[in-house]
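**Q** Can you look at this prediction? I've put the sequence above it.
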Amino acid sequence: MTKQFDSVASVMAAVGADLGATGWLTLAQERIDLFAEATGDHQWIHVDPERAREGPFGACVAHGYLTLSLANVFLPQLVHYERLRMGVNYGCNKVRFPAPVKAGQRVRGRGEVIAAAPQGDGVQVTVRVTVEVEGSERPGCVVETISLLYFDE
């Protein structure tokens, strides 16, 4: 269920809020291959299923940065901003990749608002996104995303 915010005050009041989880997304080999093409990272652990089967993970694994980029897929499923004039991606804190994500595994995003501070006439909000891997105790990625939000108030 997407959490809705419509003002600086509503974002500020949400610090500590659990944003819940998104639906599951299968991280298919095709997506991994497209990411390899886009970034030029064709390391065999990502794109050579035959060789990767004999490697340390027993299968191809998603690039860490591909797993990180899924935060951009999951955030709009976790939060929705009404009357948003402009939102700017400001950066990230504490990016970690605790577990590999194998090709074909399902992942989902889980969110939590961990900080918010006034920024001019807007608000800087930090949302922790955890990319959970189905069947794994450890997540594929944990990232603190930072956004600057400006509302029509």
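**A** Looks like it arrived, so ask away. Numbering: from 1, shown residues only.
**Q** Would you map the strands across the protein?
**A** 3-5, 18-21, 25-26, 79-81, 84-96, 106-119, 122-133, 141-151 (DSSP state E).
**Q** tell me the mean pLDDT for the last one?
**A** Model confidence over strand 141-151 averages 98 on the pLDDT scale.
**Q** now the strands of the chain in TSV, with mean neighbour count and distance to residue 51?
**A** C-beta coordinates here come from the backbone N, C-alpha and C atoms, glycine included. Below are those laid out as TSV (neighbours: other C-beta atoms under 10 Å; distance: least, C-beta to C-beta, whole Å):
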stretch	mean neighbour count	distance to residue 51
strand 3-5	17	43
strand 18-21	16	34
strand 25-26	14	22
strand 79-81	18	40
strand 84-96	13	27
strand 106-119	18	23
strand 122-133	22	22
strand 141-151	20	24
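**Q** Could you tell me what pLDDT the model assigned to residue 2?
**A** Residue 2 is given a pLDDT of 88.
**Q** can you list the strands of the chain in TSV and add distance to residue 56?
**A** Converted to TSV, the strands of the chain look like this (distance: least, C-beta to C-beta, whole Å):
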stretch	distance to residue 56
strand 3-5	38
strand 18-21	29
strand 25-26	22
strand 79-81	36
strand 84-96	19
strand 106-119	20
strand 122-133	17
strand 141-151	19
